[in-house]
Every structure is written in structure tokens, then in C-alpha cells.
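**Q** Here's a sequence, model it:
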Amino acid sequence: MIGWLIALISGALMSIQGVFNTEVTKQTSIWVANGWVQLTALLVCLIGWFVTGRPAVNGLWQMDQKYMLLGGVMGAGITWTVIQSMDKLGPAKAVMVIVVSQLFVAYLIEIFGIFGVEKVAFQWKKALGMALAVAGIILFKWE
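**A** Residues are numbered from 1 along each chain as shown. Predicted coordinates for the structure are as follows:
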């Protein structure tokens, strides 16, 4: 149950953050807004690190798959694409497309067992659920 609650909070925070970042971009620039997001995230992470006992940072350099360290690079890309999509589509449409894209890619990762994720069997009902989500976007966009 806690996982559901955390996921709901995550979705809400992502939507609100996207709106905030888009507004900051309008008064500054995409890279200033993106940099501010990443800098403030770093500060919050440093505070969290100090509060939780400061586990060793050198574990990062001992990662078996070094490409897994590209999360921060992707974070900058995510911030940029969210700002751009919200500006061009509006918050509701942008978030719907973003969520369906996340769902589709996550399901492919599970089906093919990419990045060390445990492989799962393809299920038609999950594909149907994805198709219904896409239909929902089309219906939402339909004027």
C-alpha cells in the first residue's frame, strides 16, 4: 500500500514541478531553469545525505555497469523535455503523453529484461491497458 501512496505523490510532484519549471523558463531560459532544478536537487540530496549518516560516496566508482551513472544526465534531459512538452501541449496533455511513454518503455524493459531487470512474460491484458491509455489521450485531445 505504501508503494501506491508514494507513486501517487510522485506523480503529483512531477506534474506540479513541470508547471513550476515551465513558468521559471518563461522568465529566464530553459537552461537556467534546468540548472536551477538540478542545483536545488543537489542541495536537497546533500542535506539528506548529511541527515541520514553520510554513507560512503566512493561506491559510485565501484559500479559494475558505469552507464548506470547517467541518471543525472537523463535528469537534465527529463527536465528539459517536461518543460518543453508542457509549454507546447499544456500540463494535462503533456503529463498524459509522458505517463503513457513511461509505461510503454517500462513494460518493454520488463519484457526484455533490459538493464538487469527481471524478465516478465508478455501479457495481452497489459498491452490492452496501454492501448486504452493511448485511446484516453486521443479522447482527451479530441475537440
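
**Q** on contacts alone, who are the packing partners of the helix or strand bottoming out on mean pLDDT in the chain?
**A** Scoring the helices and strands of the chain by mean pLDDT, DSSP states H and E places helix 124-141 at the bottom, with a mean of 91. Helices and strands touching helix 124-141, by 3 or more CB pairs under 8 Å, 6 or more residues apart in numbering; DSSP states H and E, are helix 91-112. (Glycine included, C-beta is placed from N, CA and C.)

**Q** Report the angle between the helix it packs on and helix 124-141.
**A** Following axes from the mean of the first three to the mean of the last three CA atoms, to 10 degrees, one obtains 160 degrees for the angle between helix 91-112 and helix 124-141.

**Q** ok, how many other residues are close to residue 77?
**A** 12 (other CB atoms under 10 Å).

**Q** so where does it fall, helix or strand?
**A** In this assignment (DSSP states H and E), residue 77 forms part of helix 71-89.

**Q** what's the burial count for the closest residue in space to residue 96 that isn't next to it in sequence?
**A** Nearest residue to residue 96, sequence neighbours excluded (CB to CB, 6 or more residues apart in numbering): residue 137, at 4.9 Å. Counted with other CB under 10 Å, residues neighbouring residue 137 total 14.

**Q** thought residue 137 was touching residue 98?
**A** No. Counting by CB atoms under 8 Å, residue 137 does not reach residue 98; the two are 10.5 Å apart.

**Q** quick one: the least confident helix or strand of the chain to helix 71-89, angle?
**A** 40 degrees.

**Q** Need the contact partners of helix 124-141.
**A** Contacts of helix 124-141 with the rest of the structure, by CB atoms under 8 Å, 6 or more residues apart in numbering, involve 92, 93, 96, 97, 99, 100, 103, 104, 107.

**Q** run the last query once more with 6 Å
**A** 96, 100 (CB atoms under 6 Å, 6 or more residues apart in numbering).

**Q** Return the distance of it from the chain's centre.
**A** 20 Å (CA atoms, centre = their mean, to the nearest Å).

**Q** Just the CA atoms of that helix, as CSV, please.
**A** C-alpha atoms of helix 124-141 as CSV (Å, rounded to 0.1, in the frame of the first residue of the first chain):
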residue,chain,number,x,y,z
TRP,A,124,-2.2,-9.1,-23.7
LYS,A,125,-4.2,-7.5,-20.9
LYS,A,126,-1.3,-5.2,-20.2
ALA,A,127,-1.0,-4.3,-23.9
LEU,A,128,-4.7,-3.7,-23.9
GLY,A,129,-4.4,-1.4,-20.9
MET,A,130,-1.7,0.5,-22.8
ALA,A,131,-4.0,0.8,-25.8
LEU,A,132,-6.7,2.1,-23.6
ALA,A,133,-4.4,4.7,-22.1
VAL,A,134,-3.5,5.9,-25.7
ALA,A,135,-7.2,6.0,-26.5
GLY,A,136,-7.7,8.1,-23.5
ILE,A,137,-5.1,10.6,-24.8
ILE,A,138,-6.8,10.7,-28.1
LEU,A,139,-10.2,11.2,-26.4
PHE,A,140,-8.8,13.9,-24.2
LYS,A,141,-7.3,15.7,-27.1
